[in-house]
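A.B. asks: please work out how this folds:
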Amino acid sequence: MSDEPGTRPLPRGPHRLAREEVLASQRGRMLDAMAEAVARRGYAATTVADVIAGARVSRKTFYEHFADKEACLLAAYDAGVEVLLSTLRTAEGSDAVRARVRAYLETLAAEPAFARTFLIEIAAAGPTALERRDRVHDAFAEAAADLAPGASRALRLAAVGAADTLVTRWVREGRTHRLAELEDDVVRINLALLGDAAPTARP
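C.D. replies: This is a model prediction of the structure:
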């Protein structure tokens, strides 16, 4: 899932885009192609050939951007995580916890390829990817600090992990499009673990 300026596919035929825009578009297409291929085939079975075919770029172009398949996956993961975190930060509602949970679930439901890559396939990419996932969990826990300033970091991480486990199960079972149905349960997880510091009013 790429949401960076300039990551739209290049127009057909001659064009006058600056080299920076060309590179951004190529990179964005490769990130999208990686997420799509990994969601469809699994990380282990996905090849660089799958990515360059999906992105409509040359092998030379791929290696101008990424050292290998793992580097491309991590870049796709990072780009999608940033979009997801940005969506949470800007979620609005009288109940901030519910607004963020809703934004999280709706974003994943709308991007099933990224959801599978983000929640499942990243774990198959080896120790570097697992370390990256831990840092992402840390970032989500930090993002919850303003919702529950009285909750410890450990409790915020526990809330992130519990929600992650539940949502991951639904994605693995092919229920990504129904993730909005988990809203009440994920809200309850947050309230149970974060305590009175989290608001409870429903919009």
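A.B. asks: helix/strand/coil for Tyr43?
C.D. replies: Tyr43 carries the three-state label coil when classified by DSSP: H, G, I helix; E, B strand; the rest coil.
A.B. asks: now the helices for the protein?
C.D. replies: For the chain, the helices defined by DSSP state H cover 19-41, 48-55, 59-65, 69-89, 96-110, 112-119, 127-143, 153-172, 183-194.
A.B. asks: can you list the helices and strands that the third one packs against?
C.D. replies: So that's helix 59-65. Under the contact definition 3 or more Cβ pairs under 8 Å, 6 or more residues apart in numbering; DSSP states H and E, helix 59-65 sits against helix 19-41, helix 48-55, helix 69-89. C-beta: built from backbone N, CA, C; applies to glycine.
A.B. asks: which of the ones you listed sits most buried?
C.D. replies: Across these, averaging neighbours per residue (mean count of other Cβ atoms under 10 Å) puts helix 19-41 on top, at a mean of 21.
A.B. asks: quick check: mean pLDDT of that one?
C.D. replies: Averaged across helix 19-41, the pLDDT comes to 83.
A.B. asks: then stretch 64-76?
C.D. replies: Taken as a whole, stretch 64-76 has an average pLDDT of 95.
A.B. asks: hey, which helix or strand in the chain has the poorest pLDDT?
C.D. replies: The helix or strand of the chain with the lowest confidence, counting by mean pLDDT, DSSP states H and E, is helix 19-41 at a mean of 83.
A.B. asks: what's the angle from that helix to helix 69-89?
C.D. replies: Angle, helix 19-41 to helix 69-89, by axes from the mean of the first three to the mean of the last three Cα atoms, to 10 degrees: 100 degrees.
A.B. asks: please name every helix or strand in contact with helix 19-41.
C.D. replies: Taking 3+ Cβ pairs under 8 Å, 6+ apart as the contact cut, helix 19-41 packs with helix 48-55, helix 59-65, helix 69-89, helix 112-119.
A.B. asks: for burial, what's the neighbour tally of the residue nearest to Asp138 when sequence neighbours are not counted?
C.D. replies: Distances taken as Cβ to Cβ, 6 or more residues apart in numbering put Leu157 closest to Asp138, at 7.3 Å, once the chain neighbours are dropped. Close neighbours of Leu157, defined as other Cβ atoms under 10 Å, add up to 18.
A.B. asks: which ones are touching Leu157?
C.D. replies: The contact partners of Leu157, taken as Cβ atoms under 8 Å, 6 or more residues apart in numbering, are His137, Asp138, Ala141.
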